[in-house]
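S.K.: just coords:
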């Protein structure tokens, strides 16, 4: 019986130098690198890539694998390098585009970036000593504006109605006592756009059980946010309510210090996000509405 012997040998990259014919070669290994010494030269070989990692650091937010940072706000880019002669920041911003002054050896650290106003890619180019090859890594940081929050992955936005005005025929804050009613299809959410009143108002939106001809009653999750489909409490816990008949209290009065009211900036645009489910763990796609297709939404704006 014959046996095959497999030996795993690490792949090394070496800088190119001439070796005279007939030279003797001596191999000197370390934990990760290997030096090949000949009678006329020394070859430095490396077992690892020079850039071990490059990623977004403090001051950034990871949203489904993508990196976001608030506009005009400083943040860090983390990186690790090993056995390099120099690394240069390219692309990105002027404060990134400078020699990072990394010498031989290994280092794990961060470099601060003063801020960005648009999606920006930061690239690091590194070289080994006496090696012509340029090794590059990049990371893209996106501007985290008011609408960086993403909707649940299992449901879709229902396009109509998409404005608060469409339901009441009155601007948000002016529809006291007017009942708004529509059907929200299952596995859909609604985002009703509105503009916060410029006058100092303090009111509430009361949600009632849906009517049988609109699919019957079902529990709600209702959130005021600057993003359509954002069911997180990004504007604070007082901007998110849930239950069979929830009440969402709000104020556009900048002097109102109540912790039980959703605080709206006068003149800013917002969304009332509505979904028929309390099951956040499953992405809001589950509802106990009586209908097989749609659920009723019924609410009124009150003092």
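M.R.: Thanks, I have the structure now. Values in this document were obtained by computation on a predicted structure and should not be read as measured data.

S.K.: any idea how far the nearest residue in space to residue 59 that is not next to it in sequence is from residue 118?
M.R.: Of all residues not flanking residue 59 in the chain, residue 75 sits nearest, at 3.0 Å (C-beta to C-beta, 6 or more residues apart in numbering). The C-beta positions use only the backbone N, C-alpha and C, and glycine is treated the same way. From residue 75 across to residue 118, the span is 14 Å (C-beta to C-beta, to the nearest Å).

S.K.: Between these two, tell me which one has more neighbours.
M.R.: Ranked by neighbour count (other C-beta atoms under 10 Å), residue 75 and residue 118 place residue 75 first, with 22 against 8.

S.K.: got the contact list for that one?
M.R.: 56-60, 69, 112-113, 115, 141 (C-beta atoms under 8 Å, 6 or more residues apart in numbering).

S.K.: what's across from it in the sheet?
M.R.: Partner residues in beta bridges with residue 75: residue 113, with DSSP bridges as the criterion.

S.K.: pLDDT score assigned to the nearest residue to residue 110 once chain neighbours are set aside?
M.R.: Excluding the flanking residues, the one nearest residue 110 by C-beta to C-beta, 6+ apart is residue 76, at 4.1 Å. Per-residue confidence (pLDDT) for residue 76: 92.

S.K.: Verify the stated contact: residue 76 with residue 112.
M.R.: Yes. With contact defined as C-beta atoms under 8 Å, residue 76 reaches residue 112; the gap is 5.6 Å.

S.K.: Between these two, which has more neighbouring residues?
M.R.: Just comparing residue 76 and residue 112: by other C-beta under 10 Å the higher neighbour count belongs to residue 76, 17 against 14.

S.K.: residue ranges with poor pLDDT in the protein?
M.R.: Using pLDDT under 70 as the threshold, the predicted model of the chain has low-confidence ranges 1-48, 63-64, 99-105, 146, 148.

S.K.: The same query, at a cut-off of 50, please.
M.R.: Per-residue confidence of the chain (counting by pLDDT under 50) places the weak regions at 1-13, 15-19, 28-36.

S.K.: now the strands for the stretch 51-200 of the chain?
M.R.: Applying DSSP state E, counting those that start in this stretch to the stretch 51-200 of the chain gives strands spanning 51-56, 61-63, 66-69, 75-82, 86-91, 106-113, 120-127, 134-143, 156-157, 179-185, 188-195.

S.K.: May I see these arranged in a markdown table, with distance to residue 167 as well?
M.R.: Below are these laid out as a markdown table (distance: least, C-beta to C-beta, whole Å):
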| stretch | distance to residue 167 |
| --- | --- |
| strand 51-56 | 41 |
| strand 61-63 | 31 |
| strand 66-69 | 32 |
| strand 75-82 | 40 |
| strand 86-91 | 47 |
| strand 106-113 | 44 |
| strand 120-127 | 40 |
| strand 134-143 | 32 |
| strand 156-157 | 16 |
| strand 179-185 | 4 |
| strand 188-195 | 7 |
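
S.K.: Tally up the residues packed near the nearest residue to residue 268 once chain neighbours are set aside, please.
M.R.: Across the structure, with C-beta to C-beta, 6+ apart as the measure, the residue nearest residue 268 apart from its sequence neighbours is residue 196 (5.3 Å). Using other C-beta under 10 Å, residue 196 is surrounded by 21 other residues.

S.K.: need the contact list for residue 196.
M.R.: Under the criterion of C-beta under 8 Å, 6+ apart, the neighbours of residue 196 are 172-173, 252, 264-270.

S.K.: So which of those residues sit within strands?
M.R.: In strands, defined here by DSSP state E, the members of those are 269-270.

S.K.: out of the contacts of residue 196, which one sits closest to residue 183?
M.R.: Distance to residue 183, by C-beta to C-beta, is smallest for residue 172 among these, at 21.1 Å.

S.K.: Can I have the buried ones of the contacts of residue 196 as a ChimeraX selection?
M.R.: To isolate the buried subset of the contacts of residue 196 in ChimeraX, counting by 16 or more other C-beta atoms under 10 Å, use the following:
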select :172,173,252,264,270
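
S.K.: between the contacts of residue 196, which is nearest residue 226?
M.R.: Sorting the contacts of residue 196 by how near they are to residue 226, with C-beta to C-beta, puts residue 270 at the top with 5.9 Å.

S.K.: what sits against that closest one?
M.R.: 193-196, 224-226, 264.

S.K.: Then residue 255?
M.R.: Contacts of residue 255 (C-beta under 8 Å, 6+ apart): residue 200.

S.K.: in what helix or strand does it lie?
M.R.: Taking DSSP states H and E as the criterion, no element holds residue 255; it sits outside all helices and strands.
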